[in-house]
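Q: Need the 3D shape of this:
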Amino acid sequence: MSNLEIRRLDLSDAEAFMDYIHNWSTDTSPFKIDAVKTYAEVNLDNFAEYVEKIRKEEISAEKPDWSTATKYFAFINGQIAGEISCRWQIEKGILLEWGGHIGYGVAPDFRGQHIAEKMVNFALTKYQKRLISQVMISADKGNVASRKTIEANGGILENTVEIDGDEICRYWINLEKSME
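A: Predicted coordinates for the structure are as follows:
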């Protein structure tokens, strides 16, 4: 997997993004994102608008209780394998309660290759650059792969909260030592 590249989307990534959406539509795991619903408005004709929208979210949140966020995508040999969202204001909305600073997902065809672990590590360097010393990440209690990803990046379980009948594990990663 030496060809892993984590970066923001470019306009030239339209075809790869459409393949990425399709890849998610094949997911049968209990922790899948509904990419068909999440990206329902995105197609080849309006991909540029989608890229512009996520770039705007880096500067200004769409709603008052949402955080600004930067979305990065993991590419392997030109294919999008996963995405990670860095949310910068944890005090907004539900982020401190259970959403966390970071949200991520790996498309079904690319699982089991430690891509999520590498994406989280990449994201943590972005928080360090912003001098954010404590990062919270959450995962469904039953999502063992996601919990292992967080723990591999230094996540310490603070507690488990129940949200709408789901148990969510809240982890904190201390970046202070690596910022010295």
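Q: Okay, and the beta partners of Asn174?
A: In this structure, Asn174 bridges to Gln134 when assessed by DSSP bridges.
Q: residues in contact with it?
A: Ser133, Gln134, Gly154, Ile156 (Cβ atoms under 8 Å, 6 or more residues apart in numbering). C-betas here are computed from N, CA, C, even on glycine.
Q: can you check Asn159 too?
A: Counting by Cβ under 8 Å, 6+ apart, Asn159 touches Cys169, Arg170.
Q: now it, what's its secondary structure?
A: Look at Asn159: counting by DSSP: H, G, I helix; E, B strand; the rest coil, its state is strand.
Q: separation between it and Glu97?
A: Distance, Asn159 to Glu97, using Cβ to Cβ, to the nearest Å: 11 Å.
Q: and what of Leu175?
A: The spacing between Leu175 and Glu97, counted by Cβ to Cβ, is 21 Å.
Q: ok, now Val51?
A: From Val51 to Glu97 the distance is 30 Å (Cβ to Cβ).
Q: re earlier: look at Leu175 and Glu97 and report which has more neighbours.
A: Leu175 (18 against 14; other Cβ atoms under 10 Å).
Q: That one contacts Leu131, correct?
A: No - using Cβ atoms under 8 Å, Leu175 is not in contact with Leu131; the gap is 9.0 Å.
Q: all helices in this structure, in order from the N-terminus.
A: 14-25, 35-38, 47-56, 115-129, 144-152, 176-179 (DSSP state H).
Q: between the contacts of Asn174, which is nearest Ile21?
A: The closest of the contacts of Asn174 to Ile21 turns out to be Gly154 (Cβ to Cβ; 31.6 Å).
Q: For that closest one, which non-adjacent residue is spatially closest?
A: Ile173 (4.8 Å; Cβ to Cβ, 6 or more residues apart in numbering).
Q: Assess the claim that the one you found and Leu157 are in contact.
A: No - judged on Cβ under 8 Å, Ile173 makes no contact with Leu157 at a distance of 11.1 Å.
Q: More neighbours: which of the two?
A: Applying other Cβ under 10 Å to Ile173 and Leu157 shows that Ile173 carries more neighbours, namely 22 against 13.
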